[in-house]
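> Sequence and predicted structure are below.
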Amino acid sequence: MKPPSHIIKSLLLLAGLATASSLSAAVIDFDVLSDYQNNFWSPIGNSATSYDGTLQAIKRNTVGTTTLIYNTGSTGGTGNLAGTAGGTPLDKFSSFTVQADFRASTTSANNSIGFYTKLNDSGTSGYLGIFRLNNGAGSADFRLWSGADATVTNGIGTGTQVGAATGTFAATSVNTSYTVKLEVADIGGNVEFVASLWTIGGTQIGSSISYTAVGGTIGDGQVGMRLNSNFTDTIRMDNFGITATTIPEPSTYAVLGGLAALGLAAVRRRRVC
């Protein structure tokens, strides 16, 4: 026989709470300057990248690269610049999805946005997934790099490209915003990456690109971005978001187990009756 309805409702409620607790989300839409200053710090290239209040986006229009590390405890920046790491611990993630809206003014293959993942405190390990809206041949592409390194003083380099991870999406247009998305998951002793390109309206462009780093760097790490622009081209980044999957607390499992036991006991009692 079925357990009482109140037992069923309790089980469903706790199951829902457990599912909700397994996800944490951060979405930064840059409506105000503090969204930028208080959520990111920059090891290199900070002065070339700024917050544009009119566009409500992050903008770079000088040749070179800016590295921005996500950190909700940033000490705050000056002017329109990102903050500094200070003594605040950096936010770290294990299995997660990171995404942002990206736009470039020309078809230069040097205009790109990259996501650092699984980065350690010194920047000597981790991964970098780079999206280019145009790879010089009329298509957007994705490339994965491993072993990010500190090749620039107090900065973070690209590491070594993993050739097998290179792939292309359908052709795209400049001066149009796209959403770039990278899913990262620890599965066993490997790290799986799934890259995808989307319209702002939520329609996927082309197919996803998948790659597995066998025996890769697993566990928690920092997440960041790498913005690269070509000469006076303008690149913009907006709506940065992270959805991180975490393991529910042991206490949650204990409560669920207790309710399950109560439900089973209720069924047994009803059978006896």
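Cool, got the structure.

> Which stretches in the stretch 1-150 of the chain count as strands?
23-28, 40-44, 49-52, 57-60, 64-70, 92-93, 95-104, 112-119, 127-132, 141-146 (DSSP state E, counting those that start in this stretch).

> a markdown table for those, including distance to I200, mean pLDDT and mean neighbour count?
Every residue, glycine included, has its C-beta placed from N, CA and C. Listed next are the strands of the stretch 1-150 of the chain as a markdown table, based on distance: least, Cβ to Cβ, whole Å; pLDDT from 0 to 100; neighbours: other Cβ atoms under 10 Å:
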| stretch | distance to I200 | mean pLDDT | mean neighbour count |
| --- | --- | --- | --- |
| strand 23-28 | 15 | 67 | 14 |
| strand 40-44 | 22 | 86 | 24 |
| strand 49-52 | 18 | 94 | 21 |
| strand 57-60 | 13 | 95 | 22 |
| strand 64-70 | 21 | 90 | 23 |
| strand 92-93 | 25 | 92 | 20 |
| strand 95-104 | 6 | 96 | 22 |
| strand 112-119 | 15 | 93 | 25 |
| strand 127-132 | 15 | 93 | 25 |
| strand 141-146 | 18 | 92 | 22 |
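
> Compile those into a markdown table and extend it with columns for distance to G76.
As requested, the strands of the stretch 1-150 of the chain are exported to a markdown table (distance: least, Cβ to Cβ, whole Å):
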| stretch | distance to G76 |
| --- | --- |
| strand 23-28 | 15 |
| strand 40-44 | 10 |
| strand 49-52 | 12 |
| strand 57-60 | 16 |
| strand 64-70 | 14 |
| strand 92-93 | 21 |
| strand 95-104 | 21 |
| strand 112-119 | 21 |
| strand 127-132 | 26 |
| strand 141-146 | 30 |
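
> Tell me the spacing between the closest residue to G189 other than its chain neighbours and I187.
Leaving aside its chain neighbours, G189 sits nearest to G215 (5.7 Å; criterion: Cβ to Cβ, 6 or more residues apart in numbering). As judged by Cβ to Cβ, to the nearest Å, G215 and I187 stand 12 Å apart.

> picking up where we left off before, which stretch among the strands of the stretch 1-150 of the chain comes nearest S34?
strand 49-52 (9.3 Å; Cβ to Cβ).

> so what strands line up beside that closest one?
Sheet partners assigned to strand 49-52 using DSSP bridges are listed as strand 57-60 (antiparallel).

> What segments of the protein are helices?
5-21, 33-37, 250-272 (DSSP state H).

> Any idea how far the second one is from the middle of the chain?
In this view, helix 33-37 has its centroid 18 Å away from the chain centroid, taken as Cα atoms, centre = their mean, to the nearest Å.

> residues making contact with it?
The contact list for helix 33-37 (Cβ atoms under 8 Å, 6 or more residues apart in numbering) reads 28-30, 51, 53, 58, 74, 76-77, 80-83.
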